[in-house]
Structures are given as C-alpha cells and as structure tokens.
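S.K.: okay, here's the prediction I keep looking at, along with the sequence it came from:
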Amino acid sequence: MQSDITTRKALARSQAGMRRNAAFLSDQSGRDVAAATTAFRQLLEARFGAGLPEIVLAGYMPMRSEISPLSIMQGHSGPVCVPVIKGRGQPLEFHRWTVDMPMVEGTFKALIPAQRDPLTPAALIVPLLAYDSNGYRLGYGGGFYDRTLEKLRKAGPVLAVGLAFDAQFCTDLPLEETDQQLDAVVTGSGVVWSKSQ
C-alpha cells in the first residue's frame, strides 16, 4: 500500500539523516570527504578519458550535512551545471554554474544561478540520504532526481553517481517502481558500483 511505503520511507529518511549528520560531524569527516572527492575525480577521468573536457557535469550546492561536491565541480575541465527545481512533480532543469557567478536562493533555499543558461548533463553528482549495494538511493521525498534520471536516460547515456559517507549505506531501503538506480556511489572508502553494472 502507498501509505505503508510512505511511512517506511519517512522513517528511513529520519534514521539516514541522523547517520549522515553524525558522519558529517565526526573527527574522520574531513579525511572521508577528501578521499571521496579524490575518488570521484578519478572515476570521471577513468570513465571519460581524453573526452572529459567535453562532458557536462551536474553537481549541486551542498545543504545541511551533504558532502560538498564543490571541489569536484571547480576542478572539472568542462562545463558544470547545478539543478534548478521547476515545480512539484517535474524533472529538474540544469543551469550553467561557475565559481564566481551570482547565486540566488531557489526552492527549498538551495542556491541557484541568478542568470539562467540551461545545459544537459552527461554526468551527475547526486546527493542522497542513504544508498544500497544495488545503486538505489534515498532522497528527500520530492522524486526530482528519479524523474530527472528517467528523462535523461531515455534521451541517451548518462552517468549518475552518488557522493556519500560510508555510514549512509543501508541494507534495506524501502523502494518503489519509480526509484532510479545510480550507476555507482563514491565514499571515502572508494567506488561502490551498483550490482547492475
């Protein structure tokens, strides 16, 4: 029943949020973040090689205890964009981002570019609350990334990779048919490829 899965997901989000907060505040956090961002850059280089400067990379503006992808975004040799919420029930849009551009507050108080310049990403750094070994993630409940990945994948190949602390791993995520798998999740321990890869 829908109400059952909704309740289970709400509980899972609460528990996952506490685990992520604890990891974010731990003494190990800085080392984990540095290792994860290094591993993420290596993954992109290995996947795209000499073509990496042509790849449009979608990152995100970190909120709360999310691992910041800003160093990955700043170091990317190609175009970078960030998500913009168009409205409830719709996929995300992505607009060009540069480190020194003016930003304004968008939906849910996430920062978005003041000037809109839409791009279509070929690789995405995806925020999450929890993940499992099959590449499924638990987000915040809006379904924005699920709708977005479904739309992008219908148009062509796209690499979607989560950025997380090891503590965000979960063995029993409550799932729905609309949930989209990530290709991998990168943590301080390295790359966890989904079992479908």
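M.R.: Cool, the structure landed. Numbering: from 1, shown residues only.
S.K.: got the contact list for the longest helix along the chain?
M.R.: Ranked by residue count under DSSP state H, the longest helix found in the chain is helix 2-25. Residues outside helix 2-25 that contact it (CB atoms under 8 Å, 6 or more residues apart in numbering) are 29, 32, 64-67, 129-130, 138, 140-141, 164-168, 170, 173-174, 176. To be clear about C-beta, it is placed using only N, CA and C from the backbone, and glycine gets the same treatment.
S.K.: now the residue most central in space within the chain: closest residue in space, sequence neighbours ignored.
M.R.: A centroid search over the chain (CA atoms, centre = their mean) returns Val126, at 0.8 Å, as the residue closest to the centre. Leaving aside its chain neighbours, Val126 sits nearest to Gly162 (4.8 Å; criterion: CB to CB, 6 or more residues apart in numbering).
S.K.: strands paired with the host helix or strand of that neighbour, and their directions?
M.R.: Using DSSP states H and E, Gly162 maps to strand 159-163. According to DSSP bridges, strand 159-163 forms sheet pairs with strand 123-126 (parallel), strand 184-187 (parallel).
S.K.: re the thing from before, downstream of the longest helix of the chain, the next helix or strand is which one?
M.R.: Counting by DSSP H and E, what follows helix 2-25 is helix 29-48.
S.K.: may I have that next one exported as PDB, CA atoms only?
M.R.: What follows is helix 29-48, C-alpha atoms only, in PDB (Å, rounded to 0.1, in the frame of the first residue of the first chain):
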ATOM      1  CA  SER A  29      34.800  13.600   8.300                       C
ATOM      2  CA  GLY A  30      37.500  15.800   6.700                       C
ATOM      3  CA  ARG A  31      39.600  12.800   5.700                       C
ATOM      4  CA  ASP A  32      36.500  11.000   4.300                       C
ATOM      5  CA  VAL A  33      35.400  13.900   2.200                       C
ATOM      6  CA  ALA A  34      38.900  14.400   0.800                       C
ATOM      7  CA  ALA A  35      39.100  10.700  -0.100                       C
ATOM      8  CA  ALA A  36      35.700  10.600  -1.600                       C
ATOM      9  CA  THR A  37      36.200  13.700  -3.800                       C
ATOM     10  CA  THR A  38      39.600  12.400  -5.000                       C
ATOM     11  CA  ALA A  39      38.000   9.000  -5.900                       C
ATOM     12  CA  PHE A  40      35.200  10.800  -7.700                       C
ATOM     13  CA  ARG A  41      37.600  12.800  -9.900                       C
ATOM     14  CA  GLN A  42      39.500   9.500 -10.600                       C
ATOM     15  CA  LEU A  43      36.200   7.800 -11.600                       C
ATOM     16  CA  LEU A  44      35.400  10.600 -14.100                       C
ATOM     17  CA  GLU A  45      38.900  10.500 -15.600                       C
ATOM     18  CA  ALA A  46      38.700   6.700 -16.000                       C
ATOM     19  CA  ARG A  47      35.200   6.800 -17.500                       C
ATOM     20  CA  PHE A  48      35.700   9.600 -20.000                       C
END
